[in-house]
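Undergrad: Please find the sequence and the predicted model below.
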Amino acid sequence: MTLDWLVDRFASKPEHLAFVHEDRAVTYGQLRDTIDAFGRTLLENGVKAGHRVVILGDYTPEAFALMLALARNANVVIPLTRESVVEVDTALSICGCDWQFEFQPGALMPVLTARALACDNAVLSEFVATGAPGMVLFSSGSTGKPKGILHDLERVANKFLKQREPVVAVPFLMFDHFGGFNTILAITSSLGTVVSVADRSVKSICEAIQDHQVALLPTTPSFLNLLMAARAQDHYDLSSLQRITYGTEVMPQATLERLHRALPQVKLQQTYGLSEVGVLGSKSRDDGSLWMRIGGDGFQTKVVDGILWIKSDFAMVGYLNAPAAFDDDGWFNTQDRVEVDGDYFRILGRVTDLINVGGQKVYPAEIEEVIMSLPNVVDVAVYGESNPLLGQIIVARIALAEPEPLDALKARVRLGCKERLAAYKVPARVVIADGALYTARYKKTRRSDAS
């Protein structure tokens, strides 16, 4: 049966702590029993191999056990949260559905309902015919139209066949995010402990670290910026933290330096991955550096015209509603522009984020890095705004630590940028943010309509 090796590993250490969810402890023996119980539920209700099954919820021991039970039943799993990048109906119009398990807030066990939504998708049909377990994730889509990303779930899990050292970690990235699932598999396949939280606020995460001696925090630069702005290290005992990994967006150098000063005992490691190809092994040049080596077993990298390409043994099966993403040799264009220094890469930004100012190409992260170094700035999002003369102008939306007159802020920002950037990279507009600059996934939002 699929994933026998993983479930057998759980059974080998039944007394080890697998999950602490909102202070509720679950051992690997109990997790194994829950997987078996869900297997019986699937059999009793007629959930057959190849059926497409939605799980609506977030990371709990039960939700993870259900994912594994569905994988062992050769189902196609569609994990969704109430903060998903796409609406449930939009997602299911792409992949269809046969059943839905819904975890209500506060409930341990889900409600199962039949939800027959037909979808004639050749890629999915061909995959189901192989008998392998699948997983469908959704991207937000740069054009607003989500892409359905189909993975062979067994292939994804087999990356962790080799057991690693156990660790206590918080799965920060969400239930319907590839990085989130990768984190859960990494922790549990090593028989470590998953410390899951009800929400991903600074308070909840720091309390979890403090109360449960969390050693690893995988998160995003946007969350780490909030952590530093809140001076969390002064209010919580974070001494158990040994490593913080960060990815999904470009890290501002100023945030990285603040983090290094605030938590000098913590190893800071940049990670890199995409839903289409998986999460690569990575090694930062040092804690204060944005340069990293990436690759590892099952991955190859190359740079073509400044753009990173990846070949992966753990790549997706394909998009459900978009053209094939790989070239004839299996290489994937990440759309990330990079600098190269020997074996090290530095991510400059996604090509789709580029701002075109009179024919000059500008990466938002370069300007954000400068503005983040200015006093009284908590966060900044830089984006392009249409302009009839230049094509686009640069706008900087800034979150402040303390109130400040807009005219004074504009003067400071423009002076600071002129000192370190070419003239065409200086923001033409400066806006004081009246809301968060990040999504529910703690990833920076660069849109003119963001608030």
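TA: On my side now, so go ahead.
Undergrad: Pull the number of nearby residues for the residue nearest to residue 25 when sequence neighbours are not counted.
TA: Of all residues not flanking residue 25 in the chain, residue 17 sits nearest, at 6.0 Å (C-beta to C-beta, 6 or more residues apart in numbering). C-beta: built from backbone N, CA, C; applies to glycine. Neighbours of residue 17 under the rule other C-beta atoms under 10 Å: 20.
Undergrad: Touching, residue 17 and residue 193? I think so.
TA: Yes: in terms of C-beta atoms under 8 Å, residue 17 counts as a neighbour of residue 193; the distance is 4.8 Å.
Undergrad: hang on, the earlier thing: the residue nearest to residue 25: what's it in contact with?
TA: Shown in contact with residue 17 (C-beta atoms under 8 Å, 6 or more residues apart in numbering): 25-28, 193.
Undergrad: could you flag which of the residues you listed are buried?
TA: 26-28, 193 (16 or more other C-beta atoms under 10 Å).
Undergrad: Let's see which of the contacts of residue 17 end up in strands.
TA: 25-27, 193 (DSSP state E).
Undergrad: Give the phi and psi angles for the nearest residue to residue 57 once chain neighbours are set aside, as a check.
TA: Spatial nearest neighbour of residue 57, excluding adjacent residues (C-beta to C-beta, 6+ apart): residue 103 at 3.2 Å. Taking degrees, to the nearest 10, you get phi -90, psi 110 for the backbone angles of residue 103.
Undergrad: Quick check: the residue nearest to residue 25 vs residue 27, distance?
TA: As judged by C-beta to C-beta, to the nearest Å, residue 17 and residue 27 stand 6 Å apart.
Undergrad: check contacts around the nearest residue to residue 160 once chain neighbours are set aside.
TA: With sequence-adjacent residues excluded and distances taken as C-beta to C-beta, 6+ apart, residue 160 is closest to residue 189, at 3.7 Å. Applying C-beta under 8 Å, 6+ apart to residue 189 gives the contacts 6, 9, 157, 160-161, 163-164.
Undergrad: Residue 189 and residue 289, how far apart?
TA: 29 Å.
Undergrad: go on, residue 30?
TA: To residue 289, residue 30 is 42 Å away according to C-beta to C-beta.
Undergrad: These two: which has the busier surroundings?
TA: Ranked by neighbour count (other C-beta under 10 Å), residue 30 and residue 289 place residue 30 first, with 18 against 15.
Undergrad: ok, residue 156 touching residue 185?
TA: Yes: using C-beta under 8 Å, residue 156 is in contact with residue 185, at 7.4 Å.
Undergrad: returning to what we had before: list the residues that contact both of residue 17 and residue 27?
TA: In terms of C-beta under 8 Å, 6+ apart, residue 17 and residue 27 are not both contacted by any residue.
Undergrad: gap between stretch 89-105 and the chain center?
TA: Chain-centre distance of stretch 89-105: 21 Å, with C-alpha atoms, centre = their mean, to the nearest Å.
Undergrad: Check which residues of it are buried.
TA: Quick answer for stretch 89-105 (16+ other C-beta under 10 Å): 91-103.
Undergrad: any idea of the pLDDT on residue 188?
TA: At residue 188, the pLDDT value in this model is 97.
Undergrad: wait, I meant residue 441
TA: We have a pLDDT of 67 for residue 441.
Undergrad: And stretch 118-125, end to end?
TA: 12 Å (C-alpha to C-alpha, to the nearest Å).
Undergrad: wait, doesn't residue 317 sit right on residue 121?
TA: No: using C-beta under 8 Å, residue 317 is not in contact with residue 121, being 11.6 Å away.
Undergrad: before we move on, the earlier item: ok, the residue nearest to residue 160 to residue 13 distance?
TA: Counting by C-beta to C-beta, the separation of residue 189 from residue 13 is 12 Å.
Undergrad: Now do stretch 63-81, average pLDDT.
TA: 96.
Undergrad: C-alpha coordinates for that stretch, CSV please?
TA: The C-alpha trace of stretch 63-81 is given here as CSV (Å, rounded to 0.1, in the frame of the first residue of the first chain):
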residue,chain,number,x,y,z
ALA,A,63,-6.3,16.5,9.0
PHE,A,64,-2.8,15.2,8.4
ALA,A,65,-3.9,11.6,9.2
LEU,A,66,-6.8,12.0,6.8
MET,A,67,-4.4,13.1,4.0
LEU,A,68,-2.3,10.0,4.6
ALA,A,69,-5.3,7.7,4.7
LEU,A,70,-6.5,9.2,1.4
ALA,A,71,-3.1,8.7,-0.1
ARG,A,72,-3.1,5.1,1.0
ASN,A,73,-6.5,4.7,-0.6
ALA,A,74,-5.1,6.1,-4.0
ASN,A,75,-7.3,9.2,-3.9
VAL,A,76,-6.7,12.6,-5.3
VAL,A,77,-6.5,15.0,-2.3
ILE,A,78,-7.5,18.6,-2.6
PRO,A,79,-6.5,20.5,0.5
LEU,A,80,-8.1,23.9,1.0
THR,A,81,-8.4,26.4,3.8
